[in-house]
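Participant: how would this look folded up:
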Amino acid sequence: MDFKIVSNSAAETIELGRKIGSKLRGGEIIAVCGALGSGKTHLIKGIAGGAGAKDSRHVTSPTFVIVNEYTGRLNIYHIDAYRLDSMQEFEMIGFDDYCGAESVVLVEWADKIEQALEGIDYIRIELFHSGQNQRRMHVRNAPLCL
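Facilitator: Prediction:
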């Protein structure tokens, strides 16, 4: 199922993420794509909060550490592919090890490694600038529960 959403603020983007995260049951992989400043980390902050991260205020982009882990109702792995230069680097971080029935994997800058997701059933969320605070989001391959 595909759908489009408009967010008018960072707070709305976080709230949308929270709604998505609250419906996750484990085993999901979410590829988040968009230009710098398009709201990827805000959306992921909300998804992590909705999926049960104990303190979603501490959800930050793991640009330099590559992977952050948040615990709660589900194990949440937040991967930032921004600094990865190849599919080989992505595979070396142990992506397969993060995927499981009790976990949710959120991949920021997923367009850089999307080739590695071929053959995997994943949700793709692309964010676009629509103004100073407004963002458009296109969600693809969302389960009906979202």
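
Participant: for this protein, which spans come out with low pLDDT?
Facilitator: 56-58, 62-64, 144-146 (pLDDT under 70).

Participant: tell me where it has helices.
Facilitator: Ranges of helices within the chain are 10-23, 40-50, 87-92, 95-98, based on DSSP state H.

Participant: would you format those as CSV with mean neighbour count and distance to residue 133 included?
Facilitator: No exception for glycine: its C-beta is placed from N, CA and C like everyone else's. CSV is the format used below for those (neighbours: other CB atoms under 10 Å; distance: least, CB to CB, whole Å):
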stretch, mean neighbour count, distance to residue 133
helix 10-23, 20, 7
helix 40-50, 26, 11
helix 87-92, 14, 32
helix 95-98, 15, 32
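
Participant: and residue 113, what does it touch?
Facilitator: Residue 113 sits next to 81, 84, 87, 90, 107 when contact means CB atoms under 8 Å, 6 or more residues apart in numbering.

Participant: pick out the most distant pair among those.
Facilitator: Greatest spatial distance among those (CB to CB): 87 and 107, at 12.9 Å.

Participant: residue 82: neighbour count?
Facilitator: For residue 82, the count of nearby residues is 15 (other CB atoms under 10 Å).

Participant: my guess is it meets residue 112, correct?
Facilitator: Yes. Judged on CB atoms under 8 Å, residue 82 makes contact with residue 112 at a distance of 7.1 Å.

Participant: residue 123 against residue 141, yeah?
Facilitator: Yes. Applying CB under 8 Å as the test, residue 123 and residue 141 come out as touching, 5.4 Å apart.

Participant: okay, these two: which has more neighbours?
Facilitator: residue 123 (20 against 14).

Participant: what bridges to the nearest residue to that one once chain neighbours are set aside?
Facilitator: Closest residue in space to residue 123, ignoring its immediate chain neighbours: residue 30 at 4.7 Å, by CB to CB, 6 or more residues apart in numbering. Residue 30 forms beta bridges with residue 106, residue 123, as assigned by DSSP bridges.

Participant: excluding its backbone neighbours, what's nearest residue 20?
Facilitator: Leaving aside its chain neighbours, residue 20 sits nearest to residue 47 (5.3 Å; criterion: CB to CB, 6+ apart).

Participant: next, the contact list for that neighbour, please.
Facilitator: 17, 18, 20, 21, 24, 30, 76, 104, 106.
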